[in-house]
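Student: would you be able to build a 3D model of this:
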Amino acid sequence: MSELLEKIRSRGHWRVRIRPIQFEDGRISDAAELEHILDRTFVQLRGWDFPHLGSNPLEHCEDAKGNVWVGRETDWEDYVEFWRFYRSGQFIHYSGMKEDWPDQRQISAFYQGLEPGEALDAFEAIIRFSEILEFAARLVFRPADLERINLEVTVNGLEGRALWDKPGGLFPANKYRAKVEKYHYQQSFSFIQLADSKPPALEAAQDLFGHFGWNPSMNLLRDIQTELLRKGSRLAR
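Tutor: Here you go, the predicted model:
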């Protein structure tokens, strides 16, 4: 196991898995084509891309089972991420909760004062679901004939966390706390269902917040999402 992946799993983290409904080992021809697909499908909603491609060459590998993939590991500030994209069309992404890594954040003090395991940033969850669903949509629309995909998102290490917003925000501090250790979202989508990725992202966020005892209206979440995307969205396909 990667040392970075162990580090990510040591605190709260997100796990994303996107895969074609029908498995085909050689669906994508080679590593170069994998990179070409990512160049056309990555999402950047907030000054940081998903998945993070970076400026250096991606890692290429063929594992012991013959699976060819490209990927990257990033450990910079509170961006602690690990991802792989396989010739079968499967994409796996692990990322640490930014709220759990203020001890690594040097440029900004935004999460200073929070301890690992203490909070889940509601706005961060909304934008994270938005970029995950948009990336899934782009995979369905563009690369190797992915007519239908299965999407799984697991948010790990939730129990006891308080839903967090900056002071004076949506709700009083520490009012809403997680009642589960992890949240699991799973759904299959066709390209038609993901023609607009924003509504399913909000449905997933609303479902997650329900496990904290917060039940915001879809209109409120839509307004938050719209404002977040307005600040730096590149949603156009």
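
Student: can you give me the strands for the chain?
Tutor: Assigned by DSSP state E, the chain shows strands spanning 13-20, 43-44, 49-50, 59-62, 68-76, 79-86, 91-96, 119-121, 148-156, 162-164, 182-190.

Student: parallel or antiparallel, which strands does the third one pair with?
Tutor: Pairing partners of strand 49-50, with direction, according to DSSP bridges: strand 43-44 (antiparallel).

Student: same question, the fourth one
Tutor: Strands flanking strand 59-62 in the sheet, each with its direction: strand 68-76 (antiparallel) (DSSP bridges).

Student: need the residues that contact the partner strand.
Tutor: 2, 4-5, 7, 30-31, 34-35, 38, 51-54, 58-63, 80-87, 104 (C-beta atoms under 8 Å, 6 or more residues apart in numbering). All C-beta atoms are positioned from the backbone trio N, CA, C, and that covers glycine.

Student: let's see 6 Å
Tutor: With C-beta atoms under 6 Å, 6 or more residues apart in numbering as the test, strand 68-76 has contacts from 4, 31, 34-35, 52, 54, 58-62, 81-87.

Student: alpha carbons only: can I get it in CSV?
Tutor: Output in CSV follows, covering the C-alpha atoms of strand 68-76 (Å, rounded to 0.1, in the frame of the first residue of the first chain):
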residue,chain,number,x,y,z
VAL,A,68,-2.4,-0.5,-16.6
TRP,A,69,-3.1,2.8,-15.0
VAL,A,70,-2.0,6.4,-14.7
GLY,A,71,-2.2,8.4,-11.5
ARG,A,72,-0.8,10.9,-9.1
GLU,A,73,-0.1,11.3,-5.4
THR,A,74,-0.2,14.8,-3.9
ASP,A,75,0.7,15.9,-0.4
TRP,A,76,0.8,19.7,-0.4
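
Student: buried stuff in stretch 125-136?
Tutor: Ala125, Ile126, Ile127, Arg128, Phe129, Ser130, Glu131, Ile132, Leu133, Glu134, Phe135, Ala136 (16 or more other C-beta atoms under 10 Å).

Student: show me the helices in this structure, by range?
Tutor: Listed in chain order, the helices of the chain (DSSP state H) span 3-9, 31-41, 122-141, 198-210, 218-230.

Student: tell me which of those helices is the most buried.
Tutor: Mean neighbour counts were taken over those using mean count of other C-beta atoms under 10 Å, and the top value, a mean of 23, falls to helix 122-141.
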